[in-house]
Structure formats: C-alpha cells, structure tokens
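1. sequence and predicted structure are below.
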Amino acid sequence: MKDFTDIYATPGAFSWSELSTTDPKSATEFYGGLFGWRFENMDMGTGPYHIVKLGETSVAGVMAMPPDAPPGMPPCWGVYITVADCDATVSKAKGLGANCLAGPFDVPTVGRMAVLQDPQGAVFQVIAYFPKG
C-alpha cells in the first residue's frame, strides 16, 4: 500500500482539501474539537493559513475567505486533484466544456494550480506539485 504522501504525486488522486471560511478561528475550534485535529499556522502572504495535522501528516487547510470571493459566498470545502501538468490539464478541461475560474498560477513552494468549473457547475482545483527536494 502506498504511503499517504505518495498520493500528492499521483495524477488523478484527490490530494488536498481546503476550507475557505469567514471565521477560521471558530472553524479550527469546531473541527479540532470534532475530529481531534491539530493545526499549524503559516503565513501565505494574505493572512494565516491553518494546516490540519493528523499526527505528523498534513492533510488539509483552513483559510479566510479570499478577498476576491464573490459577495455572499458561503464557507465551503474545496478539493484539489493532482495533475502532471496544470496548464495542459486546464487546456484539456476547457476543450471538454469546463470554465477556468482562476489560474493557472504558482503557489510558492507548493505547486502550480488552477480553479476549474465542470460543465455541470461543480468547482474543483487541480494542482501539479513542485518536486520535493
């Protein structure tokens, strides 16, 4: 069986989940109490990013609603799907009828990502992680 960290490098795998919320402090208190999650904070340049930890493994993130979020957008969990090439995936997705809502763009030290909307309206993120090393 693959180690969880191998999932990050597996194209097509769901590799990260992220909560965008209007109240990250309350969200971390709720999910920490519910699931026993620990959080490590890091500065992403737009405010604190709360990394969800299970033991020593980082499994998700919690962040404040992005400043460019549509007015009235409710808090929501988003999923990231690993891809080998973000730009090529965006191009292919558009050819299949998807909309690109943001990106592709680089997330420093993490990878290259984009936010897509499938033809039925579901939103998801794709990411090509930078090589570890």
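-> Received the coordinates, thanks.

2. shouldn't Val110 be in contact with Phe130?
-> Yes - if you go by C-beta atoms under 8 Å, Val110 and Phe130 touch, sitting 6.6 Å apart. Bear in mind the C-beta positions are built from the backbone N, C-alpha and C, glycine included.

3. which elements pack onto the top helix by length along the chain?
-> For the chain, the longest helix by residue count, based on DSSP state H, is helix 24-35. For helix 24-35, the packing partners by 3 or more C-beta pairs under 8 Å, 6 or more residues apart in numbering; DSSP states H and E come out as strand 14-21, strand 38-43, strand 48-54, strand 57-64.

4. rebuild those strands as JSON lines, extending it with mean neighbour count and mean pLDDT.
-> Listed next are the helices and strands packed on helix 24-35 as JSON lines, based on neighbours: other C-beta atoms under 10 Å; pLDDT from 0 to 100:
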{"stretch": "strand 14-21", "mean neighbour count": "18", "mean pLDDT": "93"}
{"stretch": "strand 38-43", "mean neighbour count": "12", "mean pLDDT": "92"}
{"stretch": "strand 48-54", "mean neighbour count": "18", "mean pLDDT": "93"}
{"stretch": "strand 57-64", "mean neighbour count": "18", "mean pLDDT": "92"}
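
5. please identify which of these is closest to Gly32.
-> strand 38-43 (6.7 Å; C-beta to C-beta).

6. output the closest one as PDB, restricted to C-alpha atoms.
-> Output in PDB follows, covering the C-alpha atoms of strand 38-43 (Å, rounded to 0.1, in the frame of the first residue of the first chain):
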ATOM      1  CA  ARG A  38      -4.200  19.900  15.400                       C
ATOM      2  CA  PHE A  39      -3.300  23.000  13.400                       C
ATOM      3  CA  GLU A  40       0.000  24.500  12.400                       C
ATOM      4  CA  ASN A  41      -0.200  28.100  11.200                       C
ATOM      5  CA  MET A  42       1.800  29.500   8.300                       C
ATOM      6  CA  ASP A  43       1.700  32.900   6.600                       C
END
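
7. coming back round to it: can you give me the buried ones in the longest helix of the chain?
-> Pro24, Ala27, Thr28, Tyr31 (16 or more other C-beta atoms under 10 Å).

8. among the helices and strands packed on helix 24-35, which is nearest Pro71?
-> Per C-beta to C-beta, nearest to Pro71 of the helices and strands packed on helix 24-35: strand 14-21, 14.1 Å.
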